[in-house]
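**Q** Quick one: sequence and predicted model below, then my questions.
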Amino acid sequence: MAHTVIVADGTFPHHEIPLSYIRNAERIICCDGGAEKLIKSGFIPDAIIGDMDSLNQSIAGRFQDRTFRVAEQETNDLTKAVAWCKERGYLDLIIVGATGKREDHTIGNISLLAEYIRDVNVKMVTDTGILIALKESSGVSSFPGQQVSIFSIDPATEITSDGLRYPLERRKIENWWVATLNEARGESFRLEFSHGRVIVYLKFEEEG
């Protein structure tokens, strides 16, 4: 599936999986602070989005034809980039570079997946795994032994699982740690819940 990669202003990825998404992207959209890292890594952005407070001036001059300033301060640059993509019909999104620096930024960026999933197909790819958001009961592709953690945006959400080593039975995830460090038993597992939004972390297979 053709996809759009959004490069945020966290740590630029070095793992092969997020890098392969960048290499194979139909288009690459940068938050302003992520543009310099992307270019230094040998890639060219198709658009640079943000309030431009973090954009190197030489890059701003070089890529002024594809720089889009969004001045409002009610949302962060990642959300501005997602909204820009949505307006143009780019609805299959891969976010990279959204973690690895300040912990508050990392937590905030991950939580935003639960907002973005209302409007676009999106996942966040890091150097250790993939984060996806679910807005309804769903099956999730996995592999036997894959490490899985589950987070609920709404602590009242009751989650039941099928296919995890440590089953959830109408479990309310009232704190972030409650459903972490689980494990997939096969090629997929399923999460059932009647309302709310859920974020799932899937760890990459160990290399070697």
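**A** Sure thing, it's come through. Numbers count the residues shown, from 1 in each chain.
**Q** The residue minimising distance to the centre of the chain: helix or strand, and which one exactly?
**A** Centroid-nearest residue in the chain, with CA atoms, centre = their mean: residue 124, separated by 2.0 Å. Take DSSP states H and E as the rule and residue 124 turns out to sit in strand 121-125.
**Q** Which elements pack onto that strand?
**A** Judged by 3 or more CB pairs under 8 Å, 6 or more residues apart in numbering; DSSP states H and E, the packing partners of strand 121-125 are helix 16-23, strand 92-96, helix 103-116, strand 129-134. (Glycine included, C-beta is placed from N, CA and C.)
**Q** Of these, which stretch is the most buried?
**A** With neighbours taken as mean count of other CB atoms under 10 Å, the helices and strands packed on strand 121-125 reach their highest mean count in strand 92-96, at a mean of 23.
**Q** residues making contact with the lowest-mean-pLDDT helix or strand in the chain?
**A** Using mean pLDDT, DSSP states H and E, helix 57-62 stands out as the lowest-scoring helix or strand of the chain, at a mean of 84. Applying CB atoms under 8 Å, 6 or more residues apart in numbering, the contact partners of helix 57-62 are 35-36, 39, 48, 52, 67.
**Q** And for stretch 17-34?
**A** Residues contacting stretch 17-34 (CB under 8 Å, 6+ apart): 2-10, 12-13, 38, 43-55, 77-78, 80-81, 84-85, 90, 94, 96-97, 125-127, 130, 204.
**Q** one step back: the strand holding residue 124: partners in the sheet, and parallel or antiparallel?
**A** Paired with strand 121-125 in the same sheet, following DSSP bridges, are strand 92-96 (parallel), strand 129-134 (antiparallel).
**Q** what about the ones you listed, which gets the closest to residue 186?
**A** Evaluated with CB to CB, the strands paired with strand 121-125 place strand 129-134 nearest to residue 186, the distance being 17.6 Å.
**Q** Give me the contacts around the next helix or strand after the closest one.
**A** Using DSSP H and E, the helix or strand that follows strand 129-134 in sequence is strand 138-141. Contact with strand 138-141 is made by 132, 134, 187-191, 200, 202, as judged by CB under 8 Å, 6+ apart.
**Q** could you redo the last one with a cut-off of 10 Å?
**A** Around strand 138-141, the neighbours that count as contacts under CB atoms under 10 Å, 6 or more residues apart in numbering are 130, 132, 134, 146, 148, 150, 161-164, 184, 187-193, 198, 200, 202.
**Q** Adding distance to residue 110, write the strands paired with strand 121-125 out as a markdown table.
**A** Conversion of the strands paired with strand 121-125 to a markdown table gives the following (distance: least, CB to CB, whole Å):
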| stretch | distance to residue 110 |
| --- | --- |
| strand 92-96 | 10 |
| strand 129-134 | 6 |
